[in-house]
Each structure stands twice: as C-alpha cells, then as structure tokens.
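> Quick check, what structure comes out for this input:
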Amino acid sequence: MRTAARHLEYLDAMGVQVWFDRRVTPQASNVDGGSVQPRSVEPLFFSGSLPAQVMVISAFPSSQDVQQVSPFSGDSARLLAQMLQALGLQYDECYLINSADMPATGDSQLDKQCLAECRAYLLQQIHEVSPKVILLLGEAAAQSLLKSSDPLVKLTADQPSVDDIALPMVVTQPLEGLLQQPLTKKQSWSELQRLKEFL
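Here you go, the predicted structure:
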C-alpha cells in the first residue's frame, strides 16, 4: 500500500476529515530530464498560528509525523522549538509546514517528483501566510522551493531567491542531521542568526 494511502487511513482512524483544495492543480515539471505526471496532491501537514513572522519549511514528514498529523514531532519538534526559542521566537507562533505530502521513499527520483508535484500547493500556503522570512531546513526542501541543484553548503552561504517568491529566505541544516551530528549545531546557529535581520 502506498504511503499516501496509509496517510489517509491514519487520518480516517482518528476521525480527521481530509479536505482537498481544488484551487491548486499540480503542474507537470521536469525532474532530471524526465516528465513529472501530475497527481492529486494531499494537503500538506502544517501547524502554527496566523499571522506568523516566520514560516519554517522542512522537506518530508517522517512516519511519526504522519501518525501525529504534524509537520514535526518527537525529537525533531523539541529541537526546533529550542532553536526558535534561542532566537526569541515561540514554536506555536511560527507557521510550520512540510514540502511534501508523504514521507520520503528513499528513491531520489520519486522523492524529487513528489516535491515538484507539491510545490504549487506549498507556494499557495506561502502566499497566504505571507511571513516576514522563510526558514528552509535542509537541502531537499531548499532545492525544491528554490528550483536549484546547488548543494546545501552553497545554499546556506548565499542569500537565496527564486522568481516566484518575493520574500527573504534563510537555509540551514535539516533537523535529522542536527540530531545525528550535534557538532553541526554551531554552524546551524550561525546560519540562524541571519533570520534576525528580517524580523
């Protein structure tokens, strides 16, 4: 059974109704020279309040996130809350969302396709929230939103921009990477300091 189908089963078992925004039609994109076939994109997991100064975007929800019906859960949620608090921000006052509507498959081509298919929905959320700044967690989330193939080390060093988003963005390490390699937190903190410039 596809992860997307399991996702809906989890929600149904918890009595959560799923509504599809029919205003958003995924566009066919080109991923490594191959045509992406549009599919019905499920609502992306999100949490937070409006208005929000900061929008935090990660790539894929984990299996635990799917079960919790949340963009972040467990150790990842706790770490993100600590990072935001260190910047003087409250976790529940930021708008948190994933770039994809299902966990990563482990197949890079399929995962890129999933991110490309969900990008239109994510763009709509960005325009509706209209934060002061966007924080992108990790290479996959950044490459997808920025339509870039640059590695994370370059994306974190630059001031990223893309033609269809007129908002400042900051790129930093993915939460799972910070949890697995705590020594990278120092570098991430340096990157996070740039958020303050836009608040």
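> Can you tell me how far residue 182 is from residue 155?
The gap separating residue 182 from residue 155 is 21 Å, by Cβ to Cβ, to the nearest Å. All C-beta spots, glycine's among them, are computed from the backbone N, C-alpha and C.
> what about the two, which has more around it?
More crowded of residue 182 and residue 155, by other Cβ atoms under 10 Å: residue 155, with 22 against 9.
> Give the full set of residues in contact with that one.
136, 139, 142-143, 146, 148, 171 (Cβ atoms under 8 Å, 6 or more residues apart in numbering).
> Would you mind checking the average pLDDT for stretch 59-79?
Averaging pLDDT along stretch 59-79 gives 94.
> again with stretch 153-171
Stretch 153-171 carries an average pLDDT of 93.
> Tell me how many other residues crowd the residue nearest to residue 143 when sequence neighbours are not counted.
Leaving aside its chain neighbours, residue 143 sits nearest to residue 149 (6.4 Å; criterion: Cβ to Cβ, 6 or more residues apart in numbering). Neighbour count of residue 149, defined by other Cβ under 10 Å: 8.
> still on that earlier bit, from the contacts of residue 155, which ones fall inside helices?
Among the contacts of residue 155, the members found in helices (DSSP state H) are 139, 142-143, 146.
> Please report which of those residues has the highest neighbour count.
Neighbour max across the ones in helices among the contacts of residue 155 (other Cβ under 10 Å) = residue 142, 27 neighbours.
> Pretty sure that residue sits against residue 171.
Yes - at 4.6 Å, residue 142 and residue 171 qualify as touching, with contact defined as Cβ atoms under 8 Å.
> Give me the common contacts of these two.
136, 152, 155, 160.
> Wait, the residue nearest to residue 143 touches residue 140, no?
No - counting by Cβ under 8 Å, residue 149 stays clear of residue 140, with 11.6 Å between them.
> Averaged over its residues, which helix or strand of the protein has the lowest pLDDT?
One helix or strand of the chain scores below all others by mean pLDDT, DSSP states H and E: strand 30-31, with a mean of 34.
> Could you pick out the longest helix of this protein?
The chain, longest helix under DSSP H: helix 108-129.
> of all the contacts of residue 155, which comes closest to residue 110?
Lowest distance from residue 110 to the contacts of residue 155 (Cβ to Cβ) belongs to residue 143, with 15.2 Å.
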